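Novice: only geometry, no sequence info:
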């Protein structure tokens, strides 16, 4: 289960940002995860819920996930198409001369913290 390792890296990065900005509490962390990144969202959330309890700054933080659609580009006909629906073979011209444009990402998009007034 590589999701646990991924969660440990996310927690490490969020803790560093919190420390650099004198943040005591994080409300939520939003991740951008590509549709073909290989990360299983449900397992990632389960690992997050387990691991965050060990970090005071994150113990109440919610993990939010934005899924980035996988898009492939065909070099031959110069068209884009949905990767998951068609794989490596272009549905327009049948070419295998294709490459992934997006959909393999994994990044921290946003770290939400409480308002200073609270």
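Specialist: Ah, there it is. Since we're looking at a predicted model, the values are computed, not measured.

Novice: so what does the longest helix along the chain touch, helix or strand wise?
Specialist: Secondary structure of the chain read by DSSP state H shows that its longest helix is helix 2-20. On a contact count with 3 or more CB pairs under 8 Å, 6 or more residues apart in numbering; DSSP states H and E, helix 2-20 meets strand 28-34, helix 41-51, strand 106-112. All C-beta atoms are positioned from the backbone trio N, CA, C, and that covers glycine.

Novice: which ones are touching residue 52?
Specialist: For residue 52, the contact set (CB atoms under 8 Å, 6 or more residues apart in numbering) comprises 11, 58, 59, 61, 63.

Novice: would you mind giving me the PyMOL syntax to select the buried ones in those residues?
Specialist: Buried members of the contacts of residue 52, defined by 16 or more other CB atoms under 10 Å, are picked up in PyMOL with:
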select buried, resi 11+58+61+63
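
Novice: nearest to residue 38 among the contacts of residue 52?
Specialist: residue 63 (17.5 Å; CB to CB).

Novice: show me what that closest one is bridged to.
Specialist: residue 29 (DSSP bridges).

Novice: again, but for residue 80
Specialist: With DSSP bridges as the rule, residue 80 is bridged to residue 73.

Novice: that one contacts residue 71, correct?
Specialist: Yes: using CB atoms under 8 Å, residue 80 is in contact with residue 71, at 5.3 Å.
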